[in-house]
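>>> Build the 3D model from these lines:
(one chain, ligands or ions: 1)
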Amino acid sequence: MTDESDSDAVLDALFSTIEARKAELPDDSYTTTLFTHEKGENYVLEKIGEETTEAILAAKDDDTEELLAESADLVYHLLVLLSMKGASLDDLRAELRDRF
Ligand SMILES: N=c1c2ncn([C@@H]3O[C@H](COP(=O)(O)OP(=O)(O)OP(=O)(O)O)[C@@H](O)[C@H]3O)c2ncn1[C@@H]1O[C@H](COP(=O)(O)O)[C@@H](O)[C@H]1O
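Numbers count the residues shown, from 1 in each chain. As a prediction, this is how the structure comes out:
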């Protein structure tokens, strides 16, 4: 297990990478395919639906390893959606902090 600051650094690094892919659109990037898909943002919305379903199925199967893997896929696609909408990880942190 990592401590809280390590975990935060991973999310910051992931979101920064997503923002860089959005700005540069490199050819060999999965993130680029999400930002340039012919279905537009609907494609990432579909992926979020798929990953959510897969996470639910893993939970119902009591497969924690699979649940963690699908949760990571879900968080990644959710961060791409936030970036598409011009929101940031700090905006998400602020929303969560306001609920404490
Ligand atoms: N965290 C992720 C991440 N999580 C999930 N995925 C991709 O999300 C997709 C999940 O789709 P599925 O589960 O449906 O699997 P699939 O059948 O392979 O996908 P499809 O054919 O349906 O698109 C897979 O292609 C995964 O590779 C991710 N792709 C990238 N990242 C991060 O984004 C960074 C930048 O990646 P690139 O944009 O590829 O350079 C990477 O270094 C990673 O840190």
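>>> Tell me the residues of this structure that contact the ligand?
Leu14, Thr17, Arg21, Ser29, Tyr30, Thr31, Glu50, Ala72, Asp73, Tyr76 (CB under 6 Å from any ligand atom). Backbone N, C-alpha and C define where each C-beta goes, glycine included.
>>> Highest neighbour count among those residues?
Compared across the residues of the chain next to the ligand, Thr31 has the highest neighbour count, 22 neighbours, by other CB atoms under 10 Å.
>>> Pretty sure it sits against Arg21.
Yes - if you go by CB atoms under 8 Å, Thr31 and Arg21 touch, sitting 3.8 Å apart.
>>> Centre-most residue in the chain?
Tyr76 (1.9 Å; CA atoms, centre = their mean).
>>> Would you quantify the distance from that one to Glu51?
For Tyr76, the distance to Glu51 equals 8 Å [CB to CB, to the nearest Å].
>>> Generate JSON lines for the residues of the chain next to the ligand, with distance to Ser83 as supplementary columns.
Converted to JSON lines, the residues of the chain next to the ligand look like this (distance: CB to CB, whole Å):
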{"residue": "Leu14", "distance to Ser83": "11"}
{"residue": "Thr17", "distance to Ser83": "10"}
{"residue": "Arg21", "distance to Ser83": "9"}
{"residue": "Ser29", "distance to Ser83": "13"}
{"residue": "Tyr30", "distance to Ser83": "14"}
{"residue": "Thr31", "distance to Ser83": "9"}
{"residue": "Glu50", "distance to Ser83": "19"}
{"residue": "Ala72", "distance to Ser83": "17"}
{"residue": "Asp73", "distance to Ser83": "16"}
{"residue": "Tyr76", "distance to Ser83": "11"}
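>>> Okay then, goodbye and thanks.
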